[in-house]
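Asker: sequence unknown, structure follows:
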């Protein structure tokens with residue numbers, strides 16, 4: 001998939017980061033969610049590359065990027081470390097300042113990237129998330145039932161890792177298929193790519209590290225920002241699925257306005273996987289915003 005995009009690699013701190021690029025124009029970084037890879041942008045990235053210098057990457061722990069040991073509390077998968085990865089990829093591609101379009105876990109990385117590197121991030125478009133700190137502190141039974149994996153993946157090792165490794169495809173299909181629209185939403189090639197990558201050695205430990213970090217060290221970083229009064233100064237647009245869980249459980253715009261100065265956004269006709277369910281409306285929003 002995305003064969004027209006040139007593949008390149010960046011190594012940061014011993015972690016290999018898989019990336020692709022295509023197009024010319026203002027630089028735009030695309031970050032994927034869980035349990036996906038950069039292939040989730042296959043309906044969106046080619047059109048964006050007609051207007052922008054588009055860079056796709058696999059987050060550490062996902063796709064064909066490296067899978068370092070998580071360490072205590074998954075610290076190697078803190079969104080701060082993952083944001084440093086993303087910036088290293090963009091700097092290696094020759095982009096000192098750039099915009100970011102990101103979904104799900106990638107959007108949490110993008111939030112931390114914009115907070116830590118405001119001189120590098122120009123504009124930010126996030127898909128189907130509220131701030132991590134708010135989602136943990138203001139959770140509900142409805143959210144916990146729908147986002148069960150948030151609480152499963154953070155359990156102490158090795159139980160969640162062992163259950164995923166026993167049948168990675170079943171975990172992925174159970175997680176992605178339970179949402180409205182089911183697995184029919186996804187192109188067979190994309191779904192096969194997600195399954196291939198989740199079955200790679202070290203994937204289960206990596207995704208658990210990602211979520212353990214979000215429930216631990218990432219919250220420490222977020223609380224430090226709040227205590228210091230640090231807010232995002234960049235223009236921020238947030239889109240969420242009108243048939244998804246985030247918009248029904250949280251006041252998305254209000255929560256982002258607690259953390260950023262210039263916030264806009266709305267619901268799109270989709271569930272959680274906006275880039276694959278509503279590529280046309282997403283492209284319209286992206287072209288307008290960027």
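Answerer: Sure thing, it's come through. This is a predicted model, so every value here is computed, not measured.

Asker: Show me the residue at the heart of this protein, geometrically.
Answerer: Centroid-nearest residue in the chain: residue 106, 1.6 Å away (criterion: C-alpha atoms, centre = their mean).

Asker: on contacts alone, who are the packing partners of the helix or strand harbouring that residue?
Answerer: In this assignment (DSSP states H and E), residue 106 forms part of helix 104-116. Packing partners of helix 104-116 (3 or more C-beta pairs under 8 Å, 6 or more residues apart in numbering; DSSP states H and E): strand 26-31, helix 79-92, strand 98-103, strand 121-127, helix 217-228, strand 232-241. In this view, the C-beta of every residue, glycine as well, is placed from N, C-alpha and C.

Asker: out of those, nearest to residue 257?
Answerer: Checking these against residue 257 by C-beta to C-beta gives strand 232-241 as the closest, at 9.3 Å.

Asker: same for the helix or strand following that closest one, what does it pack against?
Answerer: Next along the chain after strand 232-241, taking DSSP H and E as the criterion, comes helix 246-249. For helix 246-249, the packing partners by 3+ C-beta pairs under 8 Å, 6+ apart come out as helix 141-146, strand 232-241.

Asker: Please tabulate the helices and strands packed on helix 104-116 in CSV, including the columns mean pLDDT.
Answerer: Below are the helices and strands packed on helix 104-116 laid out as CSV (pLDDT from 0 to 100):
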stretch, mean pLDDT
strand 26-31, 99
helix 79-92, 98
strand 98-103, 98
strand 121-127, 98
helix 217-228, 98
strand 232-241, 98
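
Asker: just to revisit the earlier point, what distance do you get for the residue nearest to the centre of the chain to residue 81?
Answerer: 14 Å (C-beta to C-beta, to the nearest Å).

Asker: And for residue 98?
Answerer: Applying C-beta to C-beta to residue 98 and residue 81 gives a distance of 19 Å.

Asker: Show the low-confidence segments of the protein, by residue range.
Answerer: Applying pLDDT under 70 to the chain flags no residue at all.

Asker: Give the closest residue to residue 84 in space, chain neighbours not counted.
Answerer: residue 12 (6.8 Å; C-beta to C-beta, 6 or more residues apart in numbering).

Asker: oh sorry, the question was meant for residue 80
Answerer: Nearest to residue 80 is residue 112, by C-beta to C-beta, 6+ apart, at 5.5 Å.

Asker: which residues sit in contact with the one you found?
Answerer: If you count contacts by C-beta atoms under 8 Å, 6 or more residues apart in numbering, residue 112 has them with 79, 80, 82, 83, 218, 221.

Asker: do that again at 10 Å, thanks
Answerer: 78-84, 86, 132, 218, 221-222, 225 (C-beta atoms under 10 Å, 6 or more residues apart in numbering).
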